[in-house]
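> sequence? don't have it. structure:
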């Protein structure tokens with residue numbers, strides 16, 4: 001059995017749900033072995049190659065690093081060696097200082113010039129029991145010393161212990177993907193080491209793949225057509241594709257394709273793309289974006305973008321598709337917080353629209369196929385208003401596939417209440433602070 005580590009995104013529950021679906025679809029793992037709010041450990045009887053791990057990571061929207069576990073320590077050891085408060089236990093620190101796992105990361109370091117960095121991910125976003133800065137820098141120093149002892153010609157590390165860019169009060173002792181790419185830390189003999197804390201353990205893992213944020217930024221900024229409306233993020237697009245069960249070679253349909261962001265991500269993953277949008281300018285823009293992407297990739301992309309009504313998708317596409325993934329029309333763009341009555345009227349109309357679209361999609365989605373989609377959640381003066389999912393799918397030929405499958409979490413039940421996962425969820429929230437219209441993510445299956 002082999003343990004693999006995945007670093008979760010900001011929306012840890014959605015990232016966790018997507019990962020479970022992805023690994024189950026690929027037959028790699030049925031559940032999780034251990035987890036925190038920042039990382040997940042999965043155990044598999046498959047020995048995955050670096051290429052396979054990179055393929056999995058690149059397909060995920062919510063996990064931005066993947067690695068192979070090289071060593072595990074009891075959590076009490078790090079708490080004794082690097083307590084946030086209290087006295088250091090010297091035997092614990094001495095034991096950690098030996099870093100025997102270095103040989104598993106660098107089997108033959110003699111004569112090599114090695115650059116590396118240690119990225120630490122705590123149990124919670126705000127860790128209290130461990131001095132993260134001292135721990136991370138100590139591991140950096142000990143690894144450097146050990147590499148020199150093993151014959152490395154030179155060993156140098158990169159460290160970041162400044163404030164988190166998203167929260168200045170939060171300690172960040174992890175390297176950003178841009179730093180890893182800029183310093184070439186994934187090019188042998190260089191390496192990034194992940195130090196992952198859970199309730200009961202400390203895992204050291206060698207990073208194999210990292211989310212390419214620079215490539216995403218290039219696609220976002222350089223494509224010829226950018227919609228004036230709020231568009232779905234590329235990460236969310238990949239999450240929806242995973243929930244839809246889309247795999248390389250599959251034909252994917254987005255019946256609300258807009259400027260084509262989701263289809264661009266699908267094309268990057270080797271999928272055939274079909275898109276529909278009722279707005280002629282958006283449809284033309286999506287075509288331009290897909291042509292541009294094919295030119296940038298140096299590959300021919302199998303795509304078809306159609307101006308039309310999503311409620312007539314089956315007739316417009318004229319073929320069976322393997323997966324459907326989309327963010328639909330989310331309703332009005334509110335400038336001010338609406339009344340609950342206004343929001344309910346909007347949601348009622350959207351519910352009918354979504355039901356009509358799903359009724360039509362049943363005839364063009366292959367048997368056993370899935371839908372990954374979002375629905376709006378409107379913050380009103382008097383609370384939230386959202387789509388009633390049971391009403392939305394009534395008479396459509398689709399049923400709800402639960403997220404965060406309870407069976408996947410049987411092997412580990414956390415004690416900390418902030419780590420408890422409410423399993424078998426109908427939807428999961430995708431929130432951004434300050435937004436009036438937020439999203440809920442769901443997965444449907446053809447009956």
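On my side now, so go ahead. Note that the structure is predicted; figures quoted are calculated from it, not measured.
> contacts only, for residue 313.
Contact criterion CB atoms under 8 Å, 6 or more residues apart in numbering gives 253, 255, 276, 357, 360-361, 364 as the residues in contact with residue 313. Placement of C-beta: from N, CA and C, glycine included.
> number of residues surrounding residue 250?
Counted with other CB atoms under 10 Å, the neighbours of residue 250 add up to 20.
> for it, grab phi and psi.
Phi and psi for residue 250, reported as degrees, to the nearest 10, are phi -70, psi 160.
> which secondary structure element is home to residue 390?
Taking DSSP states H and E as the criterion, the element that holds residue 390 is helix 389-393.
> just the helices in the stretch 51-200 of the chain please.
75-81, 90-97, 102-105, 132-149, 177-182 (DSSP state H, counting those that start in this stretch).
> with respect to residue 8, which of these lies nearest?
The closest of these to residue 8 is helix 177-182. By CB to CB, the value is 14.0 Å.
> low-confidence ranges, this protein, go.
Along the chain, the parts satisfying pLDDT under 70 run over 126-127, 161-171, 214-215, 228-230.
> swap the cut-off to 80 and go again
Scanning the chain for pLDDT under 80 picks out the ranges 125-128, 160-172, 213-222, 224-231, 431-434.
> center of it - which residue?
residue 62 (0.9 Å; CA atoms, centre = their mean).
> how about that one: what's its closest non-neighbour residue?
Counting by CB to CB, 6 or more residues apart in numbering, residue 62 lies nearest to residue 15, which is 3.0 Å off, once chain neighbours are set aside.
> same check on residue 320?
The shortest distance from residue 320 to any non-neighbouring residue, by CB to CB, 6+ apart, is to residue 366 (5.3 Å).
> you'd agree that neighbour is up against residue 324?
No: counting by CB atoms under 8 Å, residue 366 sits too far from residue 324 to count as a contact (10.0 Å).
> just want to know which of the two has more residues nearby.
Neighbours per residue (other CB under 10 Å) separate residue 366 from residue 324, with residue 324 holding more: 29 against 14.
> report the secondary structure state of the more buried one.
Under the three-state scheme (DSSP: H, G, I helix; E, B strand; the rest coil), residue 324 adopts strand.
> neighbouring contacts of the one helix or strand the residue nearest to residue 62 maps to?
Following DSSP H and E, one finds residue 15 within helix 12-25. Helix 12-25 is contacted from outside by 6, 8-9, 29-32, 35, 37-38, 40, 42, 44, 56, 59-63, 239, 242-243, 245, 247, 403-405, 408, 421, 425, 428-430, 441, 443, using CB under 8 Å, 6+ apart.
> about what we covered before: neighbour-wise, give me the winner out of the contacts of residue 313.
Most surrounded of these: other CB under 10 Å gives residue 253, at 33 neighbours.
> who touches the helix or strand harbouring that residue?
Assigned by DSSP H and E, residue 253 falls within strand 251-254. Contacts to strand 251-254, defined as CB under 8 Å, 6+ apart, come from residues 241, 244, 246, 260, 262-263, 266, 271-276, 313, 317, 319-326, 361, 364-365.
> noted, bye for now.
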